[in-house]
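Colleague: Structure of the sequence below:
(one chain, ligands or ions: 2)
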Amino acid sequence: MLLGLLIASCFTFCFSHQNQEFALTNPEKSTTKETERKETTAEEELDPEVLEVFHPSPEWQALRPGQAVPVGSHVRLNLQTGVREVKLQNEDKFQNTLKGTKKGKRLDINTNTYTSQDLKSALAKFKEGAEMESSKEDKARQAEVKRLFRPIEELKRDFAELNVVIETDMQIMVRLINKFNSSSSSLEEKIAALFDLEYYVHQMDNAQDLLSFGGLQVVINGLNSTEPLVKEYAAFVLGAAFSSNPKVQVEAIEGGALQKLLVILATEQPLTAKKKVLFALCSLLRHFPYAQQQFLKLGGLQVLRSLVQEKGTEVLAVRVVTLLYDLVTEKMFAEEEAKLTQETSPEKLQQYRQVHLLPSLREQGWCEITAHLLALPEHDAREKVLQTLGALLATCWDHYHQDPKLSRTLASLQAEYQVLAAQELQDGEDEGYFWELLGSINSLLQELR
Ligand SMILES: *[C@@H]1O[C@H](CO)[C@@H](O)[C@H](O)[C@H]1NC(C)=O
Ligand SMILES: *[C@@H]1O[C@H](CO)[C@@H](O)[C@H](O)[C@H]1NC(C)=O
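Modeller: Residues are numbered from 1 along each chain as shown. Ligands and ions are numbered 1, 2, ... in the order given. The predicted structure is shown next:
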């Protein structure tokens, strides 16, 4: 019984320890890492599914993309269906593996019993603890942390006894890439390696380390796989690695990532794969005018147009429109910024000036496409489309002005949001969500008169 307790507590520390090492050796660095991580996840959180929490039972149940899983659940990938499945952790199996650990077996996140999800939750939990420790004012919290996490020397002793190997992030990434790159790995192992890798490359310096040993190119080549799941998870890793990380974005362009992403979007693929590939494309293009130029040259807008016009891809359509809105406004801001600061080195602006986005959008029929998308039923989809119509107004004015269907849609939305905004006001919410949507519609109608 006592032994069981001891082992159970060691098990918790096996997970916890990894990050504590970094937190202790370089607290400032890990604070910035944390902030970066938050920024980069914002993109994925566009997905409304991300907020859902899944409640596992003792039986395997399918997990929909983006659903959150409570700590301690067991997650596996069903290769027949490509669906991730979840159930409650099986207590007996848990104990058996702990005995294995005690005998000096290496703690390996790829064993079947510790799922990636377990590890991620454990690491995330520990990060909270590490953050608490760094805020010196809060003594009470520190005491709590001390109570929860034992001194490092004590932990080291335990680890020596357990003969557990502690890996750095770099070593873990090398191992995961080798696993993924090895022809002897099964499909399931490859997907699991990519899934775990995604966690690490959210941190900017980890993503840059991935470049240093050729790992990024291995993942980019994964986009060429004949397995849709490998394409999907390679894109998942790349989307995270590219986010606000210019060094990685540059290498990715040189490594041919842009062509490969566009090829996937242009061909028959599962919707889940296209979603992640679109996310990777967005991360690659954002704040990188050279990539945007290449994107236009490679016919990216035509690819996106076909994507938006396919049946059953409304989710993608909204994301595409959001991407275009982002690119249009990004360029506008660059112009504004240069004007305000009397820019002394206008290289960035010159790069943006070579991105002929608005004329291409107009030539390739995006005025009509964006106008039609306003007919989507969801409020947040309409919100995104309204934003985009506003940003394209100068470019598309004559199209919008002459489009009888658009004026009808706008008029009916005006009526709908007048009611909803009035309701909102009655409920005591001043200048709420519907009030703002109504405002955008009113000003569009005004401009188009
Ligand atoms: C991936 O595998 C190929 C062929 O097996 C090998 O040439 C290459 O060096 C490997 N790449 C990395 C980064 O391990
Ligand atoms: C990947 O596929 C593209 C075409 O989709 C091809 O041009 C390229 O040579 C392939 N690369 C590798 C590494 O297989």
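Colleague: and Tyr352, how many residues sit next to it?
Modeller: Tyr352 has 22 neighbours, counted by other C-beta atoms under 10 Å. Yep, even glycine has a C-beta here, placed from its N, CA and C like the rest.
Colleague: ok, it to Glu436 distance?
Modeller: Here Tyr352 is placed at a distance of 29 Å from Glu436 (C-beta to C-beta, to the nearest Å).
Colleague: What sits closest to the residue in the stretch 51-200 of the chain positioned nearest to ligand 2 if chain neighbours are left out?
Modeller: Going by C-beta to the nearest ligand atom, ligand 2 is nearest to Asn181 of the stretch 51-200 of the chain, at 12.3 Å. Here the nearest residue to Asn181 in space, its sequence neighbours aside, is Val218; by C-beta to C-beta, 6 or more residues apart in numbering that works out to 5.0 Å.
Colleague: Quick check: next helix or strand after whatever helix or strand the one you found lives in?
Modeller: Element membership for Val218 (DSSP states H and E) is helix 215-222. Following helix 215-222 in sequence order, the next helix or strand is helix 228-242 (DSSP H and E).
Colleague: If you count contacts, what does that following helix end up packed against?
Modeller: For helix 228-242, the packing partners by 3 or more C-beta pairs under 8 Å, 6 or more residues apart in numbering; DSSP states H and E come out as helix 187-201, helix 204-212, helix 215-222, helix 246-254, helix 257-266, helix 271-285.
Colleague: one more time with 10 Å
Modeller: helix 27-41, helix 169-181, helix 187-201, helix 204-212, helix 215-222, helix 246-254, helix 257-266, helix 271-285 (3 or more C-beta pairs under 10 Å, 6 or more residues apart in numbering; DSSP states H and E).
Colleague: pLDDT averaged over the fourth one - what is it?
Modeller: So that's helix 204-212. Here helix 204-212 scores 94 as its mean pLDDT.
Colleague: Show me what counts as buried in that helix.
Modeller: The neighbour-count check on helix 204-212 (16 or more other C-beta atoms under 10 Å) flags 204-211 as buried.
Colleague: Taking helix 169-181 as reference, get the angle to it.
Modeller: In terms of direction (axes from the mean of the first three to the mean of the last three C-alpha atoms, to 10 degrees), helix 204-212 departs from helix 169-181 by 50 degrees.
Colleague: ok, back up a step: quick one: residues contacting the residue of the stretch 51-200 of the chain closest to ligand 2.
Modeller: Going by C-beta atoms under 10 Å, 6 or more residues apart in numbering, Asn181 touches 190, 193, 214-215, 218-219, 221-222.
Colleague: And the furthest pair within those residues?
Modeller: Greatest spatial distance among those (C-beta to C-beta): Lys190 and Gly214, at 16.9 Å.
Colleague: between those two, who's got more neighbours?
Modeller: Lys190 (22 against 11).
Colleague: got a pLDDT number for the more buried one?
Modeller: Looking at Lys190, its pLDDT stands at 97.
Colleague: can you pull the contacts of it?
Modeller: Counting by C-beta under 10 Å, 6+ apart, Lys190 touches 176, 179-182, 222, 225, 227, 229-230, 233-234.
Colleague: out of the residues you listed, which are buried?
Modeller: By 16+ other C-beta under 10 Å, the contacts of Lys190 give 176, 179-181, 222, 227, 229-230, 233-234 as buried.
Colleague: top helix in the protein by residue count?
Modeller: helix 314-341 (DSSP state H).
Colleague: What is the neighbour count of the closest residue to ligand 2 within the chain?
Modeller: Among all residues of the chain, Asn224 sits closest to ligand 2, at 3.6 Å; criterion: C-beta to the nearest ligand atom. By the measure other C-beta under 10 Å, the count of residues near Asn224 is 13.
Colleague: How about the contacts made by it?
Modeller: 230-231, 234, 256, 260, 263-264.
Colleague: Can you name the residues in contact with stretch 432-442?
Modeller: Identification of contacts with stretch 432-442 by C-beta under 10 Å, 6+ apart yields 374, 379-380, 382-383, 385-387, 389-390, 409-425, 429, 431.
Colleague: rewinding a little: give the members of the buried residues of helix 204-212 that are also in contact with ligand 1.
Modeller: Among the buried residues of helix 204-212, none lies close to ligand 1 by the criterion of C-beta under 6 Å from any ligand atom.
Colleague: any chance of the contacts of Asn181 in JSON lines, plus distance to ligand 2?
Modeller: Shown next, in JSON lines, are the contacts of Asn181 (distance: C-beta to the nearest ligand atom, whole Å):
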{"residue": "Lys190", "distance to ligand 2": "16"}
{"residue": "Ala193", "distance to ligand 2": "19"}
{"residue": "Gly214", "distance to ligand 2": "13"}
{"residue": "Gly215", "distance to ligand 2": "15"}
{"residue": "Val218", "distance to ligand 2": "10"}
{"residue": "Val219", "distance to ligand 2": "12"}
{"residue": "Asn221", "distance to ligand 2": "5"}
{"residue": "Gly222", "distance to ligand 2": "10"}
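Colleague: Thank you kindly, that will do.
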